[in-house]
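In: with the sequence up front, the predicted model follows.
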Amino acid sequence: MKHLLVPAVLLALAGCDRPPAADTPAVVSPSDALCRPTPNGRDITGCYLTLTSSRDDRLVSVASPAAAEGQIHEMKIVDGVMSMAELKDGLALPAGEAVVLRPGGDHIMLLGVKQPLKAGEQVSLTLTFEHAQPLGIRAVVGQPQRPGQ
Amino acid sequence: MTEYKPDRPLSGAFRAVWRWHFYAGLLVLPFLMLMALTGALYLFADEIDGAVYRDLSRVAPRAAAASPDRWAASAEAGLGGAVANVLVPAGPGEAVRLTVNRPDGGKRTAFVDPHDAQLIGSTPFGGVMETVKQLHSLILLGPWANYVVEIVAGWAIILVATGLFLWWPRGRGVGVVAIKAGDPGRRPFWRDLHAVTGLYAGGVIAFLALTGMPWSAFWGDQYMAWVKDHGLGRPAAPSAASPFAHAEHRDAPAGVGWTMEGMVMPGPPAGPGRLSTVIATAERQGLARPWMVSIPSDPGLAWTVARQVRQVEDTRALYIDATTGAVRADIRYGQFGVGAKAFEWGIAVHQGTQYGWINRSVMLGGCIGIWLLAISGVMMWWKRRPPRLSKGRLGAPEAPPGPRVRAAVLGIVLPLAILFPLTGLSLIVALALERAVSLLRRRFAFT
């Protein structure tokens, strides 16, 4: 019994990077950020990316200098019927899990896009999290090739 | 079990027709019942769709209007892919429906609030009524099944014709315009039910079978080709515009009806098209809602706005330059040739929309009639089935002796078999099978 306690103590000490240790900040790594082009008078676009957080966190908001407003949208599928809702409380990012935002799934909407976005350009996005530091990223403008991307 | 005792001996001609009626019924019964059920459901397509997708299709009516360009952007951002067509609804309390072609090749129907361009949600393409429709046309079973529809429709007409022959009273003490035999435990009740239902529903069934033919793969195409070749079909494009051309499958406009199906109008692309430009033109032209805007993926084609009609006389389709908003062609029902008019009218009556609720009730009656006929037909056979079915005996009416009586059958069946070649082909197959079976029987009997 006694030697079982020793590793437990060691684990507790080693667990400095585990919650609720707020002093060690969460790190969210983004990848594959893409926004759809906005031709022909469309001032709305969708942005997609993959987010992986080192600890449980939450994507709270999205903003871009290119658009008046950013929203986080959720897609729920029940019996083949997909319903869309804005995530006012943000999107959960479980520790270590790659959360994929993609067409047909959860995604970011930019509303009131000021200038038409052309394929090949870049868009600045600012992602705000519950714990992690805000993240400034640049998304490529282009068509998502597959829904999984 | 009750023995069927006719008042007097059945003539050879009667027996021959009866035999054909029996086999034809056996062959197409399952298909006819499926088509009657799905057809009856489709008569109430709007009601069913509205009830199933209430949460998606209803929006709060208000004055604010978002640009149609934003409807499309919202649907594409949420679902990926590209919008192929947009159904602009009749009233402000309904969502806009957009068909979205997704990059993986799938299609979904997106519901967007026209007032704020919010994507409400989406369903598999066309939703539950699309499934009913695909069951009705049997396409759900595979593209080959579309040929089966045509064979079944031809056989349904043969059933009505032979049924009428069998119904003919000939001074027998049977039900003619009303059921005479009241005991459902005995066969005469089912015979009367079958004959009387057939009398009232037969005409509707033959009409449904005939007007359903345009959907079929072979006959429908042949008919349309003939109509077009004889200048009885679709109007020519205005002389100022470029002529109509056949579309690539992906660019075929939606909701334009049968006459204009697959027709596109190519022209020099002046620049990128805009949905809002096209919709503004349709509004300016006073096109009554609802209508369907088709967005071709080929930028060199005019966009199509087709009014979604219940009465064929209201048919109207605009071919609009999506860059300038200019109307390149304005096609109305009055411009159709006589063949195309008959074609479109038949379809509208088939679908129960042409003459309001009376039309719908009569078509529903036809569907119920098919089920009554099927059930009573099976009961008639059951009541006179041979005692030992297991001995490979089906209980089909006996083949009458002598070839002369075949004239009665051929007189009814042959003209229909020629008019509907696929049905005729299936007839030849059926005859060959019967020959083969009787040859086999004989061989087995001798060895």
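Out: Sure thing, it's come through.
In: show me where pLDDT drops low in the stretch 1-150 of chain B?
Out: Scanning the stretch 1-150 of chain B for pLDDT under 70 picks out B:1-9.
In: in it, mark out all the helices, start to finish.
Out: B:12-43, B:45-52, B:54-57, B:68-79, B:127-136, B:145-167 (DSSP state H, counting those that start in this stretch).
In: ok, now chain A?
Out: Counting by DSSP state H, residue ranges of the helices within chain A are A:2-14.
In: spell out which parts of it neighbour chain B.
Out: A:36, A:38-46, A:73, A:75, A:80-84, A:102-104, A:107, A:109, A:143-147 (C-beta under 8 Å from any C-beta of the partner chain). All C-beta atoms are positioned from the backbone trio N, CA, C, and that covers glycine.
In: still on that earlier bit, just send the helices of the stretch 1-150 of chain B back as TSV, with distance to B:A326 too.
Out: Shown next, in TSV, are the helices of the stretch 1-150 of chain B (distance: least, C-beta to C-beta, whole Å):
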stretch	distance to B:A326
helix B:12-43	37
helix B:45-52	33
helix B:54-57	33
helix B:68-79	18
helix B:127-136	34
helix B:145-167	38
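In: just to revisit the earlier point, can you list which of the residues of chain A next to chain B are found in strands?
Out: Of the residues of chain A next to chain B, the ones assigned to strands by DSSP state E are A:44-46, A:73, A:75, A:81-84, A:107, A:109.
In: select only the buried ones of the residues of chain A next to chain B in PyMOL?
Out: Provided next is the PyMOL selection string for whichever of the residues of chain A next to chain B are buried by 16 or more other C-beta atoms under 10 Å in any protein chain shown:
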select buried, chain A and resi 36+38+40+41+42+43+44+45+46+73+75+81+82+83+84+102+103+104+107+109+144+147
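In: beta partners of the residue lying closest to B:V256 once chain neighbours are set aside?
Out: Of all residues beyond its chain neighbours, the one nearest B:V256 is B:A306 (4.3 Å), with distances taken as C-beta to C-beta, 6 or more residues apart in numbering or on different chains. For B:A306, the beta-bridge partners are B:M292, B:A317 (DSSP bridges).
In: ok so, going back, to B:I358, which of the helices of the stretch 1-150 of chain B lies closest?
Out: Of all these, helix B:12-43 sits nearest to B:I358, with 12.5 Å by C-beta to C-beta.
In: re the thing from before, my read: the residue nearest to B:V256 touches B:S294, true?
Out: Yes - B:A306 is in contact with B:S294 according to C-beta atoms under 8 Å; the separation is 7.5 Å.
In: about what we covered before: what's the farthest-apart pair in the ones in strands among the residues of chain A next to chain B?
Out: The most widely separated members of these are A:T45 and A:V81, with 24.6 Å between them, by C-beta to C-beta.
In: mean neighbour count added to the helices of the stretch 1-150 of chain B, as TSV?
Out: Output for those, formatted as TSV (neighbours: other C-beta atoms under 10 Å in any protein chain shown):
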stretch	mean neighbour count
helix B:12-43	20
helix B:45-52	14
helix B:54-57	16
helix B:68-79	28
helix B:127-136	19
helix B:145-167	22
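In: domain parsing for chain B?
Out: For chain B, the domain assignment from automatic domain parsing gives the residue ranges B:12-41+B:142-215+B:356-442, B:60-114+B:235-336.
In: can you give the distance of the longest one from its chain's centre?
Out: With C-alpha atoms, centre = their mean, to the nearest Å as the basis, the distance from the averaged C-alpha position of domain B:12-41+B:142-215+B:356-442 to the chain average is 20 Å.
In: can you give me the end-to-end span of that domain?
Out: Taking C-alpha to C-alpha, to the nearest Å, domain B:12-41+B:142-215+B:356-442 runs 23 Å from one end to the other.
In: repeat that for the shortest one.
Out: Between the opening and closing residues of domain B:60-114+B:235-336 we find a distance of 39 Å, counting by C-alpha to C-alpha.
In: centre of the chain to it, how far?
Out: Mean C-alpha position of domain B:60-114+B:235-336 versus that of the full chain (C-alpha atoms, centre = their mean) differs by 24 Å.
In: so where is chain A shaky, pLDDT-wise?
Out: Low-confidence segments of chain A (pLDDT under 70): A:1-24, A:146-149.
In: swap the cut-off to 80 and go again
Out: For chain A, the stretches with pLDDT under 80 are A:1-25, A:40-41, A:145-149.
In: what bridges to the residue sitting nearest the centre point of chain A?
Out: For chain A, the residue lying nearest the average C-alpha position, counting by C-alpha atoms, centre = their mean, turns out to be A:L51 (4.9 Å). Beta bridges link A:L51 to A:P30, A:V99, judged by DSSP bridges.
In: count of neighbours near the nearest residue to A:A139 once chain neighbours are set aside?
Out: In space, A:A139 comes closest to A:A33 once its chain neighbours are excluded; the distance is 3.7 Å by C-beta to C-beta, 6+ apart. Residues lying near A:A33 (other C-beta atoms under 10 Å in any protein chain shown) number 20.
In: pretty sure A:A33 sits against A:T126.
Out: No - assessed by C-beta under 8 Å, A:A33 is found out of contact with A:T126, at 11.9 Å.
In: which residues touch stretch B:293-304?
Out: Stretch B:293-304 has contacts (C-beta atoms under 8 Å, 6 or more residues apart in numbering or on different chains) with B:72, B:82-88, B:247-248, B:250-256, B:264-269, B:272-273, B:275, B:278-279, B:282, B:292, B:305-306, B:317-322, B:328-329.
In: quick one: end-to-end distance for that stretch.
Out: Chord length of stretch B:293-304, first to last residue, is 6 Å (C-alpha to C-alpha).
In: list the buried residues in that stretch.
Out: By 16+ other C-beta under 10 Å, the buried positions in stretch B:293-304 come out as B:293-296, B:301-304.
In: nearest to B:R186, out of those residues: which one, please.
Out: Nearest member of the buried residues of stretch B:293-304 to B:R186, counting by C-beta to C-beta, is B:S294, at 58.5 Å.
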